[in-house]
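[1] Would you be able to build a 3D model of this:
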Amino acid sequence: MKRKNLLVKSALAGVLAISTLVPTGLAHDAFEGGSKLEGEVLTQEDLQFLQDAKLSGGKNLRFLHEAAAVQISPREDGRQNNTADVYAHQGFAYLGTHTANGANGGVRVFDLKDPSNPVEVAKFADDIPFTWQEKVIVKRVNTPHFKGDLAAVSVQQTSRNNVNRPDSFGGVLLYDVTNPYEPERLGFYPLDRRITGTHELYLTTQGNRALVLASNPYADFYTGGVEKDFQIIDVSDPANPEKLWQFDPRILPEVPENFNGYHWNAPDGKTRPLFNHSVITDNNGHHAYVSMWDLGTVIFNIRDPEKPVYLGRTEYREDQKGAAHSAALARGGTILIETREIANPFGAGYEDAYGYTRIFDIRDKTNPVLLSEFTTDLTFDFTPPINTFAKTVHDPKVLGNTLYLSYYSGGVISVDITDPANPVEIGRYTPDRSNVWGVFVDRNYVLASDMGQGLKVLLKNNSNAGDRNVKVAE
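    Modelled structure (predicted):
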């Protein structure tokens with residue numbers, strides 16, 4: 001493969017967040033207009049080239065330096081998977097994997113005792129055939145049935161409802177990772193095989209109760225409304241997960257009764273995609289923030305998880321593609337960060353812009369108030385490639401007054417949100433041939449998962465770990 005073409009391919013093919021989820025005849029918002037590259041995956045050759053990236057590229061995230069960059073180990077059959085999201089808990093990093101080279105890469109566990117030398121110590125959640133494991137959340141839980149560190153893992157089929165793959169199911173896997181070196185499977189919440197699976201999820205606790213909030217894109221569409229895109233699952237007994245509630249968008253006055261599970265005839269006269277991509281909760285598990293693409297970020301009171309109450313949602317200008325992809329909270333849950341993944345910046349009646357970030361005041365959760373929109377030099381740069389994910393924002397994380405954004409080819413961008421009405425970029429980490437999918441912020445480090453290059457560990461500049469120091473951004 002020619003190197004000049006690899007960025008285009010890697011930014012699109014390996015990172016198609018839900019390209020394999022698109023209903024027949026329909027398209028993810030990013031593919032309106034018909035991208036011919038949909039469905040491609042990174043090859044072994046591509047991954048080898050990406051993981052050999054030099055360390056001399058621009059890495060200038062303010063106040064941080066790259067302490068380590070380590071690729072995940074190949075599978076037992078020699079195949080090299082690629083990474084997806086990243087999470088950290090009690091000094092260990094948990095990396096989900098995407099679809100490259102046959103998927104089934106599982107979740108990889110890295111010991112971060114020495115952040116400059118992460119060591120892969122375990123792999124789990126790779127036992128359901130023909131699936132990939134994009135998202136993992138780990139939390140300490142204490143229920144009448146289980147006490148310890150619980151991992152919830154999203155599972156998606158690589159080929160939905162394939163008659164030749166009867167043992168392939170999407171859903172949520174639950175593991176005991178109290179000993180991260182020896183994860184133990186506890187249970188599985190399977191979805192109807194007509195549904196690709198759970199794309200993203202969140203694990204929260206309410207007292208001695210543990211809950212998984214699951215995003216199952218197009219579940220409503222594929223099952224004719226029997227299963228829904230957003231579900232709340234009680235995992236207090238991880239061996240016996242139980243669905244408590246699911247969200248029917250038709251309860252909202254702006255969603256008509258004849259809504260078909262994907263195409264939404266919005267009040268602005270446009271036909272917009274409506275599906276659940278992601279979900280988070282606040283720290284005490286009282287409110288859920290559900291990224292429902294062009295329906296916006298939908299906010300629920302979930303104090304009673306069997307009877308959640310709809311509170312409000314974010315809205316868009318008529319010329320904006322919604323594409324509510326992920327969310328994060330700041331200022332004790334009074335500020336909402338909403339990232340919008342838009343890989344195709346063109347479309348009749350819409351602004352020409354890749355996905356960017358919006359910041360809301362949600363002190364009144366029934367009426368989110370837009371404070372600002374954060375764009376970068378990538379947002380309006382239409383030089384090739386155009387129909388790829390290379391220049392759109394992806395995931396947000398917040399620590400204090402700093403917002404961290406994963407940006408695919410843009411790497412990780414840090415933003416000062418001390419004044420949320422005036423966000424200011426303060427730094428950027430962009431490794432050579434960057435393809436950063438996820439970012440996670442811990443008190444001790446910032447982690448980035450690069451689709452082709454594996455785990456990146458970024459440390460404060462006053463740390464003694466690692467020797468790959470970088471210049472502080474001007």
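
[2] Val119 against Asp111, yeah?
    Yes: between Val119 and Asp111 there is a contact at 4.8 Å, judged by C-beta atoms under 8 Å. Every residue, glycine included, has its C-beta placed from N, CA and C.

[3] Looking at those two, which is more packed in?
    Set side by side, Val119 and Asp111 show more neighbours around Asp111, with 16 against 11, by other C-beta atoms under 10 Å.

[4] Looking at that one now. What's its pLDDT?
    In this model, Asp111 is scored at 98, pLDDT.

[5] Please apply the same query to Phe49.
    At Phe49, the model reports a pLDDT of 39.

[6] Kindly report the same for Arg443.
    Arg443 is given a pLDDT of 85.

[7] buried stuff in stretch 122-136?
    Within stretch 122-136, the residues scored as buried using 16 or more other C-beta atoms under 10 Å are 122-126, 128, 130-136.

[8] hmm, I was thinking of stretch 157-177
    In stretch 157-177, counting by 16+ other C-beta under 10 Å, buried: 157-158, 160, 165, 168-177.

[9] Only C-alpha atoms, please: export it in PDB.
    C-alpha atoms of stretch 157-177 as PDB (Å, rounded to 0.1, in the frame of the first residue of the first chain):
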ATOM      1  CA  GLN A 157     -21.500  -9.000  15.900                       C
ATOM      2  CA  THR A 158     -19.300  -8.600  12.900                       C
ATOM      3  CA  SER A 159     -22.200  -9.900  10.800                       C
ATOM      4  CA  ARG A 160     -25.600  -9.300  12.200                       C
ATOM      5  CA  ASN A 161     -28.000 -12.300  12.300                       C
ATOM      6  CA  ASN A 162     -25.800 -14.400  10.100                       C
ATOM      7  CA  VAL A 163     -27.400 -17.900   9.700                       C
ATOM      8  CA  ASN A 164     -23.900 -19.400   9.400                       C
ATOM      9  CA  ARG A 165     -22.900 -18.000  12.800                       C
ATOM     10  CA  PRO A 166     -25.600 -19.300  15.200                       C
ATOM     11  CA  ASP A 167     -23.400 -18.800  18.300                       C
ATOM     12  CA  SER A 168     -22.700 -15.100  17.600                       C
ATOM     13  CA  PHE A 169     -24.600 -12.700  19.800                       C
ATOM     14  CA  GLY A 170     -24.300  -9.000  20.700                       C
ATOM     15  CA  GLY A 171     -25.000  -7.700  24.100                       C
ATOM     16  CA  VAL A 172     -23.100  -7.100  27.400                       C
ATOM     17  CA  LEU A 173     -20.500  -9.300  29.000                       C
ATOM     18  CA  LEU A 174     -19.800  -9.100  32.700                       C
ATOM     19  CA  TYR A 175     -16.500 -10.000  34.300                       C
ATOM     20  CA  ASP A 176     -14.900 -10.000  37.700                       C
ATOM     21  CA  VAL A 177     -11.600  -8.100  37.400                       C
END
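
[10] Measure how far stretch 386-398 is from the centre of its chain, please.
    11 Å (C-alpha atoms, centre = their mean, to the nearest Å).

[11] thinking again about what came up before, adding pLDDT, distance to Lys321 and secondary structure, write the buried residues of stretch 157-177 out as CSV.
    Converted to CSV, the buried residues of stretch 157-177 look like this (pLDDT from 0 to 100; distance: C-beta to C-beta, whole Å; DSSP: H, G, I helix; E, B strand; the rest coil):
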residue, pLDDT, distance to Lys321, secondary structure
Gln157, 98, 27, strand
Thr158, 97, 27, coil
Arg160, 96, 25, coil
Arg165, 97, 34, coil
Ser168, 97, 32, coil
Phe169, 98, 32, coil
Gly170, 98, 26, coil
Gly171, 98, 29, strand
Val172, 98, 29, strand
Leu173, 98, 33, strand
Leu174, 99, 35, strand
Tyr175, 99, 36, strand
Asp176, 98, 41, strand
Val177, 98, 38, coil
